[in-house]
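Visitor: here are the coordinates; sequence isn't available:
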């Protein structure tokens with residue numbers, strides 16, 4: 001009765017279905033809950049798989065794709081347009097990670113394969129031609145064609161070294177020595193300020209002697225000496241007046257000529273010795289004085305070694321002997337010895353003056369040496 005009343009207006013059998021549902025509902029709840037849980041797990045699993053797949057794909061996309069190597073080729077010619085055969089081509093990179101070499105073929109072409117992309121440098125060389133270079137950048141997989149390389153003929157640089165002979169060097173040094181004058185007036189030819197001058201040959205020794213005896217100041221100095229001798233009545237056998245002065249002048253000039261040629265040209269040529277004074281300029285005062293005084297009896301040979309000064313010593317006595325022929329008979333007894341000793345004494349004193357005084361008073365000093373062979 002109650003069932004009828006509650007199911008009024010429903011389709012036939014619908015009430016039974018509803019009644020069964022209400023009776024079975026408590027039993028169906030656990031089953032539905034378990035099904036719902038399994039469905040949720042499946043959904044989450046699918047989401048996790050999807051996320052993992054997407055993450056892996058993203059990581060793979062971030063990795064750089066491998067770069068394909070490329071190639072480099074070109075043609076080398078010379079200025080005439082002919083192909084440069086067997087030209088050497090070197091391929092390098094600034095970081096030294098690349099170094100390849102090839103030679104051009106009969107048509108002048110060269111080719112590099114399997115070249116990593118990036119900047120590169122080519123150096124092209126060939127015998128008789130100037131080196132050429134080319135710089136470029138190779139893209140991945142690119143076939144790089146180098147513009148035609150034209151080699152120019154190498155400029156020949158010939159070094160011509162002209163060296164003066166020892167005689168020529170000595171001649172130049174003599175010319176400069178002949179410019180040396182104390183106060184710019186008094187000849188100071190027989191001293192060299194060059195540390196290592198070239199030795200003189202015989203001709204140059206005679207040339208220097210001749211240049212000295214014909215110098216205008218030499219005539220003036222001889223005239224002054226003759227006047228002093230006449231005033232003091234030295235060599236009284238010559239007498240006084242113009243004739244006496246002339247004889248004294250001739251004797252004094254003959255002494256100068258004989259002394260200069262014998263002691264500075266003839267004997268130095270025979271004994272191969274240098275007639276010049278070699279300026280020292282260094283060391284203590286005492287050592288320089290000793291050096292200057294010793295130069296009256298020692299000298300440098302043409303071999304640049306120190307030796308006994310035969311030219312100076314023998315020359316002094318030879319000059320005295322010659323003067324014996326033209327000095328008055330009353331003054332001949334001691335002429336040889338006096339003139340010889342005076343000459344050696346003058347040479348020693350002159351050395352001291354050369355070492356300490358005359359250099360400061362002589363302009364146009366020759367202090368540099370020409371190049372010697």
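Guide: Nice, thanks for sending it over. On a predicted model such as this, the values are computed, not experimentally measured, just so you know. Numbers count the residues shown, from 1 in each chain.

Visitor: ranges for the strands of the stretch 51-200 of the chain?
Guide: Ranges of strands in the stretch 51-200 of the chain, per DSSP state E, counting those that start in this stretch, are 70-78, 88-92, 99-103, 109-115, 118-125, 132-138, 143-145, 149-151, 181-182, 186-187, 191-192.

Visitor: as CSV, the ones you listed with distance to residue 273 would be great.
Guide: Where C-beta positions appear, they are placed from N, C-alpha and C, glycine not excepted. Putting these into CSV (distance: least, C-beta to C-beta, whole Å) gives the following:
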stretch, distance to residue 273
strand 70-78, 64
strand 88-92, 62
strand 99-103, 66
strand 109-115, 71
strand 118-125, 59
strand 132-138, 63
strand 143-145, 78
strand 149-151, 62
strand 181-182, 25
strand 186-187, 21
strand 191-192, 14
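
Visitor: is it true that residue 116 touches residue 98?
Guide: Yes. Contact status for residue 116 versus residue 98: in contact at 6.7 Å, counting by C-beta atoms under 8 Å.

Visitor: quick check, pLDDT for residue 357.
Guide: Per-residue confidence (pLDDT) for residue 357: 93.

Visitor: tell me how many other residues surround residue 277.
Guide: Using other C-beta atoms under 10 Å, residue 277 is surrounded by 22 other residues.

Visitor: ugh, typo on my part, it should be residue 267
Guide: 21.

Visitor: may I ask which helix or strand encompasses it?
Guide: helix 267-271 (DSSP states H and E).

Visitor: what is whichever helix or strand comes after that helix packed up against?
Guide: Using DSSP H and E, the helix or strand that follows helix 267-271 towards the C-terminus is strand 277-278. Strand 277-278 sits against strand 191-192, with contacts defined as 3 or more C-beta pairs under 8 Å, 6 or more residues apart in numbering; DSSP states H and E.

Visitor: which strands and helices lie in contact with the strand it packs on?
Guide: Secondary-structure packing of strand 191-192 (3+ C-beta pairs under 8 Å, 6+ apart): helix 166-177, strand 277-278.

Visitor: next one: the helix holding residue 267 to chain centre, how far?
Guide: Relative to its chain's centre, helix 267-271 lies at 42 Å (C-alpha atoms, centre = their mean, to the nearest Å).

Visitor: buried residues, it. List them.
Guide: Judged by neighbour count using 16 or more other C-beta atoms under 10 Å, the buried positions of helix 267-271 are 267, 268, 269, 271.

Visitor: got JSON lines for these, with distance to residue 251 and pLDDT too?
Guide: Shown next, in JSON lines, are the buried residues of helix 267-271 (distance: C-beta to C-beta, whole Å; pLDDT from 0 to 100):
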{"residue": "267", "distance to residue 251": "22", "pLDDT": "96"}
{"residue": "268", "distance to residue 251": "24", "pLDDT": "96"}
{"residue": "269", "distance to residue 251": "26", "pLDDT": "96"}
{"residue": "271", "distance to residue 251": "27", "pLDDT": "96"}
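
Visitor: picking that back up, right, and the strands of the stretch 51-200 of the chain - which one's nearest residue 172?
Guide: Among the strands of the stretch 51-200 of the chain, strand 191-192 comes nearest to residue 172, with 12.3 Å by C-beta to C-beta.

Visitor: look at residue 326 and report its pLDDT.
Guide: Note for residue 326: predicted pLDDT of 83.

Visitor: same check, this time on residue 53
Guide: pLDDT, residue 53: 45.

Visitor: care to break the chain down by domain?
Guide: 70-151, 166-361 (automatic domain parsing).

Visitor: and stretch 226-240, average pLDDT?
Guide: 91.

Visitor: list the buried residues for that stretch?
Guide: Within stretch 226-240, the residues scored as buried using 16+ other C-beta under 10 Å are 226, 229, 230, 235, 238.
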